[in-house]
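Peer 1: Sequence plus the predicted model coming up.
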Amino acid sequence: MNRIISLISILVSLSIWNTCTESAYVQDKLVRLEPLTEQHLDYLRSLEDNGSLDFWTEITGSDRPIDVHIPANEYDQYVSEFKQYSLPFHVLVDNLQESIDNEQRELLQDRLMRQIQGRWAGQPRASIVGTYARYNDMVAFLQEKAAADPTHVEVFDIGRTFENRIIQGIVLKFNPSATRNIWIDCGIHAREWITPATCIWLIDQFIAEYNNNDATTRDLLNNWNVYIAPSLNPDGYEYSHTTSRLWRKNRSKRPSSTCYGVDLNRNYPWKWMTGGASSSPCSETYAGPSAGSEIETVGVVNFLQSKINTWDMYMSFHSYGQWWFTPYGYTTNLPDKAPANYATLEAAAKVGAATIQTFNQRKYAVGSVSRLLYIASGSTVDWAYDALNIPYSYTIELPPTQGDSAGFVLPVSLAPGVCQETYAGMKTFLAEVKKNLASSSSG
Ligand SMILES: [Zn+2]
């Protein structure tokens, strides 16, 4: 009887939750642009700088497509501009709200099944591994993992958010004499839902495989303390769940502007505002009023700095596009548009990317941000590499590729596959990094 009552309460709460989401994107388009000339690129950069258009993929070069989200009421205006510039384009998604509604419906079904399975099995809560969980459920997951093995697993606080949430992460410390650390973060951009799901999957699988005596996992976790932060932007992430699915920035607000939010991945205190970031508070790439202005940035900066010179690897997960990036983003004025140890960085990334490709044939492009894309300053990867001297610093843009699956709106049914292949890629990549570090210290 208790089980039946709890199932009814699940159904009621889910139907209430469903009515809370807005229909803000009716007839909004996802459009693919195919710039051919420098004039096209200049035009698009000006649109990004003044914040008038929402870019879903970065402005790259004249041979690479760019996906943009165009609100329904601005579509005709943009079409006439594109035609005026002879800029080729086509519509990938005709009604974004429909993609979002489908995603929501699938997510509700997924939640319902998980809750029923959990209650039936007598679990205190539904599993969140392989789905798009809410922030509080992710924090509860971290706490449960720590409670299950307090000797080796600890929750740590990174700091507060603008709306006063606590940003929490987890550290896996299986070897009490390990002195070197690695860092993995997810969710700095709110709408990239596949990334927190990936961090949760990594935590779950690292612990499970360690305890099941997986040789590679034991080797990695005995070598490093592994710090994983599943959401660096909980305010924005929650807002993308409750109110505005395509929200990217944090939720800070200053009296000087009517617009909310700073792009946290343009706010880091290294080569801040030196290109590929906007000074307009309404832009999706608004870098903030000053370097490190955001409380979320300050928390991460202070935490990593408190353990400076102990970090061997920094990884920040984003979506989408299937890119595995090395520094630098802020400059192209270097040989190869990349740092001195670029060949080593690239080789290790290629090991991980090759592993991922063995799943579903999913291909990643590997290289420096500024080499593969365009300038983007104030990002975590440059800061980690230069300000913190972390030799292996990367950003990964998870699936889909440009234009597949309505971009950020990746159906939750595809999430476990993406998480699984990414976990496999991370393992072989980290094993390669470990091998490189061992040979460089012995040589
Ligand atoms: Zn991102």
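Peer 2: Happy to help now that I have it. Numbers count the residues shown, from 1 in each chain.
Peer 1: Name the nearest residue to the residue in the stretch 201-350 of the chain positioned nearest to the ion, sequence neighbours excluded.
Peer 2: Going by C-beta to the ion, the ion is nearest to residue 318 of the stretch 201-350 of the chain, at 3.3 Å. C-beta here means a position set from N, CA and C on the backbone, and glycine is covered the same way. In space, and not counting its chain neighbours, residue 318 is closest to residue 397: 5.0 Å by C-beta to C-beta, 6 or more residues apart in numbering.
Peer 1: ok, so what distance separates residue 201 from residue 322?
Peer 2: 17 Å (C-beta to C-beta, to the nearest Å).
Peer 1: Next secondary structure element downstream of the helix or strand residue 106 falls within?
Peer 2: Using DSSP states H and E, the element containing residue 106 is helix 96-120. Using DSSP H and E, the helix or strand that directly follows helix 96-120 along the chain is helix 135-148.
Peer 1: Next, the buried residues of that following helix.
Peer 2: 135, 138-139, 141-142, 145-146 (16 or more other C-beta atoms under 10 Å).
Peer 1: where does the protein have low pLDDT?
Peer 2: For the chain, the stretches flagged by pLDDT under 70 are 1-22, 331-337, 373-375, 403-404, 442-443.
Peer 1: Close to the ion: what parts of it are there?
Peer 2: 189, 318 (C-beta under 5 Å from the ion).
Peer 1: quick one, longest helix in this structure?
Peer 2: Secondary structure of the chain per DSSP state H: the longest helix is helix 415-442.
Peer 1: Show me what that helix is packed against.
Peer 2: Contacts defined by 3 or more C-beta pairs under 8 Å, 6 or more residues apart in numbering; DSSP states H and E place helix 415-442 against helix 194-211, helix 215-223, strand 311-319, helix 342-357, strand 392-398.
Peer 1: Point me to the residue of the stretch 1-150 of the chain nearest the ion.
Peer 2: residue 58 (9.3 Å).
Peer 1: what about that residue, neighbour count?
Peer 2: 22 (other C-beta atoms under 10 Å).
Peer 1: my guess is it contacts residue 66, does it?
Peer 2: Yes. Residue 58 sits in contact with residue 66 when judged by C-beta atoms under 8 Å, with a separation of 7.4 Å.
Peer 1: related to what we said a few turns ago, list the residues that contact the residue of the stretch 201-350 of the chain closest to the ion.
Peer 2: Residue 318 makes contacts with 188-189, 192, 195, 265, 395-398, as judged by C-beta atoms under 8 Å, 6 or more residues apart in numbering.
Peer 1: what's the spacing between it and residue 91?
Peer 2: Taking C-beta to C-beta, one finds residue 318 at 25 Å from residue 91.
Peer 1: quick one, what contacts residue 73?
Peer 2: Contacts of residue 73 by C-beta under 8 Å, 6+ apart: none found.
Peer 1: So it, which state does it fall into?
Peer 2: At residue 73 the chain is in helix, as set by DSSP: H, G, I helix; E, B strand; the rest coil.
Peer 1: any idea how far it is from residue 188?
Peer 2: With C-beta to C-beta as the criterion, residue 73 and residue 188 are 30 Å apart.
Peer 1: Excluding chain neighbours, what is closest to the closest residue to the ion within the stretch 151-300 of the chain?
Peer 2: In the stretch 151-300 of the chain, the residue that lies nearest the ion is residue 189 (3.4 Å; C-beta to the ion). Spatial nearest neighbour of residue 189, excluding adjacent residues (C-beta to C-beta, 6+ apart): residue 248 at 5.1 Å.
Peer 1: Residue 415 contacts residue 200, correct?
Peer 2: No. With contact defined as C-beta under 8 Å, residue 415 does not count as touching residue 200 (10.0 Å).
Peer 1: Name the residue in the two with the higher neighbour count.
Peer 2: residue 200 (28 against 23).
Peer 1: Which one, of the helices and strands packed on helix 415-442, ends up nearest to residue 299?
Peer 2: Nearest of the helices and strands packed on helix 415-442 to residue 299, taken as C-beta to C-beta: strand 311-319 at 14.7 Å.
Peer 1: what angle do the closest one and strand 392-398 make?
Peer 2: Between strand 311-319 and strand 392-398, the angle comes out at 20 degrees (axes from the mean of the first three to the mean of the last three C-alpha atoms, to 10 degrees).
Peer 1: which ones are touching the residue lying closest to residue 204 once chain neighbours are set aside?
Peer 2: Distances taken as C-beta to C-beta, 6+ apart place residue 129 nearest to residue 204, at 4.8 Å, with adjacent residues excluded. When contacts are counted by C-beta under 8 Å, 6+ apart, residue 129 touches 200-201, 204.
Peer 1: Find the centremost residue of the chain, please.
Peer 2: Within the chain, one residue has its C-alpha closest to the average C-alpha position: by C-alpha atoms, centre = their mean, that is residue 318, at 2.7 Å.
Peer 1: Next one: that residue from residue 262, what distance?
Peer 2: 16 Å.
Peer 1: can you check residue 365 too?
Peer 2: 28 Å.
Peer 1: re earlier: wait, a strand at the residue of the stretch 1-150 of the chain closest to the ion?
Peer 2: No. Using three-state DSSP, the assignment for residue 58 is coil, not a strand.
Peer 1: quick one: it from residue 376, how far?
Peer 2: 7 Å.
Peer 1: Would you mark the buried spots in stretch 240-247?
Peer 2: So, applying 16+ other C-beta under 10 Å, buried residues of stretch 240-247: 240-241, 244-247.
Peer 1: how many neighbours does residue 203 have?
Peer 2: The number of residues near residue 203, taken as other C-beta under 10 Å, comes to 23.
Peer 1: which residues of the stretch 201-350 of the chain fall in strands?
Peer 2: Ranges of strands within the stretch 201-350 of the chain are 224-229, 311-319, 323-326, based on DSSP state E, counting those that start in this stretch.
Peer 1: So for residue 201 and residue 322, which sits in the more crowded spot?
Peer 2: Shown here are residue 201 and residue 322; by other C-beta under 10 Å, residue 201 has more neighbours (24 against 20).
Peer 1: The more buried one reaches residue 131, doesn't it?
Peer 2: No. Between residue 201 and residue 131 there is no contact under C-beta under 8 Å: 9.9 Å.
Peer 1: what about residue 365 and residue 262, which has more around it?
Peer 2: Higher neighbour count among residue 365 and residue 262: residue 262, with 28 against 15, using other C-beta under 10 Å.
Peer 1: ok, now which ones touch that one?
Peer 2: Counted by C-beta under 8 Å, 6+ apart, residue 262 has contacts 249-250, 252, 286-288, 293-294.
Peer 1: Closest to residue 122 out of those residues?
Peer 2: Nearest member of these to residue 122, counting by C-beta to C-beta, is residue 250, at 38.5 Å.
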